[in-house]
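[1] Got a sequence here, can you build the structure:
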Amino acid sequence: MFRPPINRSMRTLDRAFFKKTIPTSAARILDNKDISFCRKALENSKEALIQSRIAPIRPDPVEEKAQRGGRCIILRPEIKHNDLQTWSSKLRELHANGTVGVIPYELHLDYSYWTYSDIVQAILPDEEGDELPTGFSLVGHVAHLNLRDRYLPYKHLIANILRDKNPTVETVINKLDRVGEENEYRTFQYEVLVGADDLNVEVHEQGCAFRFDFAKVYWNSRLHTEHERLVSIFNEGDAICDVMAGVGPFAVPAGKKRAFVWANDLNPESYASLNDAIKRNKVVDFVRPFNSNGYDFIHTATASLLQTTHSVSIYPKAKASRNSASVTTPNPPTPLKTIIQPRVFSHYVMNLPASALTFLPSFIGLYSNVPSSSSDIRKLFTPYTSVSLPMIHAYCFSTKSDDNVAQAHEICAEISRQLGHEITPSTPETQIWDVRDVAPKKRMFCASFRLPAEVAFRMTEGAGGI
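    Numbers count the residues shown, from 1 in each chain. This next block holds a predicted model:
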């Protein structure tokens, strides 16, 4: 009864078509001081209409009474104003003692009442087993669709409805190819279905603001929980190497936690937006941006960190004072603490799921070729100190399966092949984290494991260590 009218032949959105009148009844409140009491009584008797997005208390349908402030409570359609057999004993009581009158009422619904899903179901083909295109990614003011071929004839209809029903949406686009299919920056071709071709957006995540051109950089709003999960692992004072940082969804929040992050991305546009995010979110002291090839960056960043001295002093927040402009402090404030940047990374993050595992050979012999002026690099790590070899967090794709155990073994087998060293799901500190579905037959995983000493210190001809 409350669903919209159906029109499977609609190709241009006709908002006026979506109108519906539902004949029902209402309890006219004869004294407005009884509104709250009557509403509670009729809800308890299950006669008041409780329907999403429909206010049960309405102006009286008689205009003259409504102008004098008259109100009524809409009743469920099963309650008939002219059939006492459909009334509960409570409604009869309220009517008998002159608290309410029971009157006919016409409930008018229009396009504004129904949701995106309601309208889409009313106009798209009703084919058994079809999954309606109700999902989209929201990036700032841009809604990003990835429509299947059978829904392309309806793409403008879908886009207009989506924008109508989502107040924050100004532009709707449809992806025309797979991410990264055209270039190595993971951008994609798109078409604008409705709105301006303006993809300069601002998004907020983990208390951080990011501004970028969605047409020129990679961003996936559906990864926000994964960003939060991984950042939660990092501790204040850790050194993080973010090899494919994008615009900084891992790096900037980690910097907010006072972790030292060396963040790199090959895409110059991502690098520019990363720079902006670092300044915008005031993490300049903790996050350093780079624009380099990831294979090289693993080596160069690791080597540079060994030779870099950097610390950040944390001061107490200054107390506001009306006369602060005229008051001079004789002595500089004493820092609460000083956070010293480590000489080695605690974590390497590689969020390039299509190829991140192919970067793993860069870790072979990572600490084997140490400059002659340096002491034995092994003594930086346990058992000589409390510092462990770094954790590697490499994102990857795998075929979708109900058996994540088998997938974990497959992923570990590929890691082992790339490193020339066996890693299994049962290897201590190894975790194959199921991130999300990305396609009907594809899932995204995060493979986390500690870099084995046998890999980090392997002496191999042409290993390309530090």
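
[2] Quick one: residues contacting the closest residue to A48 other than its chain neighbours.
    In this structure, A48 finds its nearest non-sequential neighbour in L42, 4.0 Å apart by Cβ to Cβ, 6 or more residues apart in numbering. Where you see a C-beta, it was placed from the backbone N, CA and C, and this is true even at glycine. By Cβ atoms under 8 Å, 6 or more residues apart in numbering, the residues touching L42 are A27, A48, I73, L75, K90, L91, L94.

[3] Now the element after whichever helix or strand L42 is part of, going C-ward?
    According to DSSP states H and E, L42 maps onto helix 35-44. Counting by DSSP H and E, the next helix or strand C-terminal to helix 35-44 is strand 57-59.

[4] Report the distance from that next one to the chain centre.
    39 Å (Cα atoms, centre = their mean, to the nearest Å).

[5] Not counting sequence-adjacent ones, nearest residue to G255?
    Per Cβ to Cβ, 6+ apart, closest to G255 is V283, 3.2 Å.

[6] can you tell me how far that neighbour sits from R163?
    Look at V283 and R163: by Cβ to Cβ, to the nearest Å, they are 34 Å apart.

[7] The helix holding L42 - what's its average pLDDT?
    Averaged across helix 35-44, the pLDDT comes to 96.

[8] which residues in the stretch 1-150 of the chain form helices?
    Ranges of helices in the stretch 1-150 of the chain, per DSSP state H, counting those that start in this stretch, are 35-44, 63-67, 89-96, 116-123.

[9] Ok, the stretch 201-350 of the chain next?
    224-233, 251-256, 268-280, 294-307.

[10] residues of the first one that come out buried?
    For helix 224-233, the neighbour count (16 or more other Cβ atoms under 10 Å) marks E226, H227, L230, V231 as buried.

[11] returning to that earlier point: could I have the helix holding L42 exported to CSV, CA atoms only?
    Extracted as CSV, the C-alpha positions of helix 35-44 are listed here (Å, rounded to 0.1, in the frame of the first residue of the first chain):
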residue,chain,number,x,y,z
ILE,A,35,-2.6,15.3,21.8
SER,A,36,0.2,13.6,23.7
PHE,A,37,-2.2,11.5,25.8
CYS,A,38,-4.2,10.3,22.7
ARG,A,39,-1.0,9.6,20.7
LYS,A,40,0.4,7.3,23.4
ALA,A,41,-3.0,5.6,23.9
LEU,A,42,-3.5,4.9,20.2
GLU,A,43,0.1,3.7,19.8
ASN,A,44,-0.4,1.3,22.6
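
[12] and A209, bridged to which residues?
    H204 (DSSP bridges).

[13] is it true that it touches K282?
    No - in this structure, A209 is not within contact of K282 by Cβ atoms under 8 Å, at 10.6 Å.

[14] Residues contacting the longest helix belonging to the chain, please?
    Using DSSP state H, we find that the single longest helix of the chain is helix 404-419. Residues outside helix 404-419 that contact it (Cβ under 8 Å, 6+ apart): 357-358, 360-361, 363-364, 394, 396, 398-399, 401, 422-425, 427, 430, 432, 434, 443, 445, 447, 449, 452, 455.

[15] Mind listing what's buried along it?
    N404, Q407, A408, E410, I411, C412, E414, I415, Q418, L419.

[16] coming back round to it: neighbour count: V283 and R163, which is higher?
    V283 (23 against 20; other Cβ atoms under 10 Å).

[17] Tell me who's in contact with that one.
    By Cβ under 8 Å, 6+ apart, the neighbours of V283 are V252, G255, K256.

[18] ok, so of the residues you listed, who is nearest N32?
    Using Cβ to Cβ, K256 comes nearest to N32 of these, at 52.3 Å.

[19] And that closest one, how close does it get to A301?
    For K256, the distance to A301 - Cβ to Cβ - is 21 Å.

[20] now K216
    24 Å.

[21] Between those two, point out the one with more neighbours.
    Using other Cβ under 10 Å, the more surrounded residue of K216 and A301 is A301, with 23 against 16.

[22] That one: what's it in contact with?
    Contacts of A301 by Cβ under 8 Å, 6+ apart are C241, W262, N264, F290, F345.

[23] Would you check which pair of those residues lies furthest apart?
    Farthest pair in the contacts of A301, by Cβ to Cβ: F290 and F345, 13.5 Å.

[24] where does the protein dip in pLDDT?
    128-130, 178-183, 320-330, 369-375, 460-466 (pLDDT under 70).

[25] Strands along the stretch 151-300 of the chain, start to end?
    Ranges of strands within the stretch 151-300 of the chain are 171-175, 190-194, 200-205, 208-213, 239-242, 260-264, 287-290, based on DSSP state E, counting those that start in this stretch.

[26] Please tabulate those in a markdown table, including the columns mean neighbour count and distance to D60.
    Output for those, formatted as a markdown table (neighbours: other Cβ atoms under 10 Å; distance: least, Cβ to Cβ, whole Å):
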| stretch | mean neighbour count | distance to D60 |
| --- | --- | --- |
| strand 171-175 | 21 | 41 |
| strand 190-194 | 18 | 40 |
| strand 200-205 | 15 | 45 |
| strand 208-213 | 19 | 49 |
| strand 239-242 | 27 | 63 |
| strand 260-264 | 28 | 63 |
| strand 287-290 | 23 | 62 |
